[in-house]
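# Quick one, fold the following:
(one chain, ligands or ions: 3)
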Amino acid sequence: MFRSTSSFDKLLDKATSNLRLEPDWPAILQICDLIRQGDVQSKYALIAIKKKLYNANPHIAMFGLQVLESCVKNCGNLIHDEIGTKQYMEQLRDLVKSTSHDDVKNKVLELIQAWAYAFRNSPKYRAVQDTVNIMKTEGCKFPVLKESDAMFSADTAPEWADGDVCHRCRVQFGMMQRKHHCRACGQVFCGHCSSKTSTLPKFGIEKEVRVCEACYEILNKPTSA
Ligand SMILES: O=P(O)(O)O[C@@H]1[C@H](O)[C@H](OP(=O)(O)O)[C@@H](O)[C@H](O)[C@H]1O
Ligand SMILES: [Zn+2]
Ligand SMILES: [Zn+2]
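Numbers count the residues shown, from 1 in each chain. Ligands and ions are numbered 1, 2, ... in the order given. Purely as a prediction, here's the structure:
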């Protein structure tokens with residue numbers, strides 16, 4: 001875990017370097033991969049990104065917002081569960097009030113508005129739309145919404161189900177029969193029914209992770225020649 005957070009920190013510094021003129025997309029996408037693969041906790045990542053947003057250098061703050069935007073677009077509910085909260089939205093509201101850089105302010109408004117649109121059918125992230133409404137009453141001028149800004153990659157690993165028995169063989173979990181999760185379907189299995197591993201490129205997971213028998217068969221069935 002420590003090695004991954006240090007590589008995350010290095011990638012974030014690289015992606016937000018004030019020496020850059022253009023976003024460092026390879027570094028940004030590697031950051032998203034680390035989060036999606038669970039190599040770095042989304043909470044840790046967002047705290048590190050927030051420090052960049054408050055950097056006095058507007059270039060660093062803008063690149064930080066670019067990283068944040070990509071994480072929201074590519075890391076699914078791992079990130080949405082964190083940024084879709086009243087607490088995180090308060091932090092962005094404060095940033096809009098405190099920054100002296102108009103491009104930082106406008107980028108934050110653009111992002112909050114795009115997320116509110118993307119989450120318009122998700123009551124779980126109600127705080128985002130509430131924040132847009134509050135900021136509008138406070139006189140914030142939001143840019144014209146570009147629906148393309150609110151398109152998120154749908155393919156993110158499923159949330160993990162819970163259960164007292166194996167989803168495949170129904171054996172009861174206990175001290176001697178530990179739970180495990182398949183990263184492809186998110187279901188809970190015994191060790192015997194989830195003993196195999198596979199990469200999950202469709203979820204941006206390039207390393208071998210635990211999968212159940214059924215998902216292993218699907219992921220590794222020979223493609224018809
Ligand atoms: O070993 P435990 O202390 O029971 O903890 C379990 C392991 O962390 C499993 O990880 P794994 O799927 O990578 O095995 C996880 O899927 C289960 O939800 C946890 O309960
Ligand atoms: Zn089983
Ligand atoms: Zn599975």
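# all contacts plus neighbour counts: C-alpha atoms, from now on.
Fine.
# What are the buried residues along stretch 103-116?
Buried positions in stretch 103-116, judged by neighbour count with 16 or more other Cα atoms under 10 Å: 104-105, 107-116.
# that's a helix at R210, yeah?
No: using DSSP: H, G, I helix; E, B strand; the rest coil, the assignment for R210 is strand, not a helix.
# Name the nearest residue to it, sequence neighbours excluded.
In space, and not counting its chain neighbours, R210 is closest to T197: 4.4 Å by Cα to Cα, 6 or more residues apart in numbering.
# pLDDT of the helix or strand where Q129 lies, averaged?
For Q129, the host element (DSSP states H and E) is helix 126-137. Taken as a whole, helix 126-137 carries a mean pLDDT of 96.
# do the same with stretch 91-104
The average pLDDT within stretch 91-104 is 96.
# Pull out the buried positions in that stretch.
For stretch 91-104, the neighbour count (16+ other Cα under 10 Å) marks 92-93, 95-96, 99, 104 as buried.
# With stretch 84-91 instead?
Across stretch 84-91, burial judged by 16+ other Cα under 10 Å covers 84, 88-89.
# List the ones among those residues that fall in helices.
The members of the buried residues of stretch 84-91 that map onto helices under DSSP state H are 88-89.
# between the buried residues of stretch 84-91, which is nearest ligand 2?
For those, the minimum distance to ligand 2 (Cα to the ion) is 35.3 Å, reached by G84.
# wait, F173 sits on D162?
No: using Cα atoms under 8 Å, F173 is not in contact with D162; the gap is 11.1 Å.
# What helices and strands are in contact with the helix holding Q129?
Contacts defined by 3 or more Cα pairs under 8 Å, 6 or more residues apart in numbering; DSSP states H and E place helix 126-137 against helix 86-98, helix 102-118.
# What angle do helix 102-118 and that helix make with each other?
Helix 126-137 and helix 102-118 meet at an angle of 130 degrees, taking axes from the mean of the first three to the mean of the last three Cα atoms, to 10 degrees as the criterion.
# which stretches of this structure form strands?
Listed from the start of the chain, the chain has strands (DSSP state E) covering 180-181, 188-189, 196-200, 205-211.
# is any part of the second one close to ligand 3?
No: when contact is scored as Cα under 5 Å from the ion, no part of strand 188-189 falls within range of ligand 3; the minimum is 8.3 Å.
# Identify the residues contacting that strand?
By Cα atoms under 8 Å, 6 or more residues apart in numbering, the surrounding residues in contact with strand 188-189 are 160-163, 165-168, 179-182, 212.
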